[in-house]
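**Q** here you go, sequence then predicted model.
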Amino acid sequence: MQNGRIKFGLLAAVALLAAGCASTDIETESRNFQVQETAAVAGGASGQDGAAIRSLVAASGPSYVTLVVSDPNNSGAIVSQRDRQKTAVTSGSGFVVDHNGYIMTAAHVAVQKGNTVQARAANGRIYSGDVISILPENDMALIKLRGYAGKSVTPAPSRCIAPGSMVYSLGRPHAQGDTARIGQLESQRYGRAVRYGKFGYPDAMVLRLSTQKGESGGPLFDSRGELVGMVVSTLYDNAGNPLNLAHAVPLEKLASFLCANHGCSGGWASAARQAGCGGT
């Protein structure tokens, strides 16, 4: 499991590795989230009151899943769920991009095409699936779950929100429960490539967000509850101290990957045609 740090001047990006019968009915049950606001944006700077934030989080909850990924080549014959967990190579977060069981997550969570996945949905049930597509150089992967019909995220018409705008992510940090993190967009661009082992990304959104390990692959939403990116890493200084900053792969990259590997229409097709955001 990848867990090294890549230093750029005073910053280091660390991959947030594990970094925890078919139905036609779409699962809309949410779950209980701990809502944590980044200190730098506390005190109402998010522009939303507590009730509004809780409402947004509750509405987004059904589209979020937690993942445990295993290498079937290391598990031998068919094994029980308990034994499968012993062969797990990573865990992380993900989100529904198509209600027919298609899930997006970070490539460093999925690791490789063909890996098996156990996903915990908002209803508490565990669904099995496989990694069907992966793009290590932009840290994205696509998973297909069997027998799961989940509520898909809604891609934002444009992810080009202004720096300082409120954003929030959903994830499950190690040894903690499901967590919604409230923060702000710091910058639309980091301005350089990041690599960790065979994974990485050419650029990323910079977030004022206190993410932790285990939250990679989690969805990033704007103040309307629409998807603008996917959380992939957190930033530390050279001494290993967290900077309350995180990176996210932007929406148009996620949409292009989905359209190329699964097909898309509507909001996803529109997002794939976006040219990205200039400036900061």
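**A** Noted; the coordinates are in hand.
**Q** can we go C-alpha only for contacts and neighbour counts from here?
**A** OK.
**Q** got the domain ranges for the protein?
**A** Following automatic domain parsing, the chain resolves into domains at 5-60+154-271, 63-145.
**Q** among those domains, which is the most enclosed?
**A** Sort the domains of the chain by mean neighbour count, taking mean count of other CA atoms under 10 Å, and domain 63-145 sits at the top with a mean of 22.
**Q** so how far does that domain reach from one end to the other?
**A** End-to-end distance for domain 63-145: 13 Å, by CA to CA, to the nearest Å.
**Q** pLDDT on it, on average?
**A** What domain 63-145 shows for mean pLDDT is 88.
**Q** same question, stretch 233-243
**A** 86.
**Q** same question for stretch 165-185.
**A** 91.
**Q** that older thread, export the domains of the chain as a markdown table, with columns for distance to Cys277.
**A** Shown next, in a markdown table, are those (distance: least, CA to CA, whole Å):
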| stretch | distance to Cys277 |
| --- | --- |
| domain 5-60+154-271 | 6 |
| domain 63-145 | 17 |
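**Q** and after the host helix or strand of Ser93, which helix or strand comes next?
**A** Element membership for Ser93 (DSSP states H and E) is strand 88-98. Per DSSP H and E, the first helix or strand lying C-terminal to strand 88-98 is strand 102-105.
**Q** who are the packing partners of the strand holding Ser93?
**A** Contact here means 3 or more CA pairs under 8 Å, 6 or more residues apart in numbering; DSSP states H and E; on that basis strand 88-98 packs against strand 64-70, strand 102-105, helix 107-110.
**Q** contacts for the first one next, please.
**A** The contact list for strand 64-70 (CA atoms under 8 Å, 6 or more residues apart in numbering) reads 20, 84-85, 87-96, 109-110, 115-122, 170-172, 218-219.
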